[in-house]
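S.K.: Need coordinates for the below:
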Amino acid sequence: MWVRSTMAYRASFIMLTIGQFLGSGLDFAAIMLMFAHTPHLGGFSLGEVAFLYGTSGVALGLADLLIGNTDKLGQRVRDGSFDTLLVRPVPVFAQVAADRFALRRVGRISQTAVVLGWSFTVIEVDWTVGRVLMVPLMILSGTAIFGSLFVLGAAFQFWASDAAEVQNAFIYGGNTLTQFPPTVFAKDLVRGATFLVPLAFVNWMPALYILGRPDPLALPRLMDFASPVAAALSCAVAALAWRAGLRGYRSTGS
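M.R.: Reported below is the predicted structural model:
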């Protein structure tokens, strides 16, 4: 329904999609400006940082496209319109995720995918079968991890009712974090992004394997392959939080 509504105004859709493409491209433009003054950032070249930027951006873009609208749950809780979703013969989560589905978000995915594709042409990697397979696996795992953060933030809004900005701080702040090499951050921050909020498994850990880089935390090499496990655990925690929030929902009382 929302896609048909969008296509009714195709010129507007095209302009908004191009705007998303160009707007998200400003982030990479800032990275290129940094490299105008230095050949390496934390020991990583421009192509390697572009690889991190692209993998994180595509993962977030897919998660945002599929379930990014869950951040609007707080508004529905506050105005009581969430109650209408409960009486429909459709899973509530599917309705919340599809609410005002914004196809224009493919602009972000396209822009980061272009940067990712360019990075493949400039990074020096011995492309074994394992490294080739790791790329789609890390993107899928990253999508699941960002998606779980969207769901956790939505579940929190059952109690907080207005916590979208807290959710965005972890999701979009996490995206910005993983666009840069882990070597530019303090080790305590990297530990937090590894063991508390599993952002390191979006792309840092698998990218270290693909690029042949040492782990700044000197963790076992097996951790480089743990993104699917981290994604599965994140989704399980998010599912439990969602069920708890849904069961604890008591309407607005208005």
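S.K.: Does anything pack onto the strand or helix carrying residue 26? Which helices or strands?
M.R.: Assessed by DSSP states H and E, residue 26 sits inside helix 10-35. Using 3 or more Cβ pairs under 8 Å, 6 or more residues apart in numbering; DSSP states H and E, the elements in contact with helix 10-35 are helix 46-67, helix 106-122. For the C-beta atoms, the positions are set from N, CA and C on the backbone; glycine is no exception.
S.K.: change it to 6 Å
M.R.: Here helix 10-35 touches helix 106-122, going by 3 or more Cβ pairs under 6 Å, 6 or more residues apart in numbering; DSSP states H and E.
S.K.: what about the helix it packs on, average pLDDT?
M.R.: Mean pLDDT, helix 106-122: 93.
S.K.: Show residues contacting it.
M.R.: 17, 20-21, 24-25, 28, 47, 50-51, 53-54, 57-58, 61 (Cβ atoms under 6 Å, 6 or more residues apart in numbering).
S.K.: Buried ones among those?
M.R.: Buried by 16 or more other Cβ atoms under 10 Å: 17, 20-21, 24-25, 28, 47, 50-51, 53-54, 57-58, 61, out of the contacts of helix 106-122.
S.K.: what's the most distant pair in the residues you listed?
M.R.: Comparing every pair within the buried ones among the contacts of helix 106-122 by Cβ to Cβ identifies 17 and 47 as the most remote, at 26.8 Å.
S.K.: Pick the one among the contacts of helix 106-122 closest to residue 124.
M.R.: residue 47 (8.1 Å).
S.K.: what's near enough to touch residue 190?
M.R.: So residue 190 contacts residue 182 (Cβ under 6 Å, 6+ apart).
S.K.: Quick check: buried residues in stretch 244-254?
M.R.: Going by neighbour count (16+ other Cβ under 10 Å), the buried part of stretch 244-254 is residue 245.
S.K.: Report the mean confidence score over it.
M.R.: In the prediction, stretch 244-254 has an average pLDDT of 77.
S.K.: which regions of the chain sit below the pLDDT cut-off?
M.R.: For the chain, the stretches with pLDDT under 70 are 161-164, 252-254.
S.K.: Identify the residue nearest the geometric centre of this structure.
M.R.: The centroid of the chain falls nearest to residue 60 when counting by Cα atoms, centre = their mean (2.6 Å).
S.K.: Identify the spatial nearest neighbour of that residue, chain neighbours not counted.
M.R.: Ranked by Cβ to Cβ, 6 or more residues apart in numbering and with sequence neighbours excluded, the top spatial neighbour of residue 60 is residue 175, at 4.6 Å.
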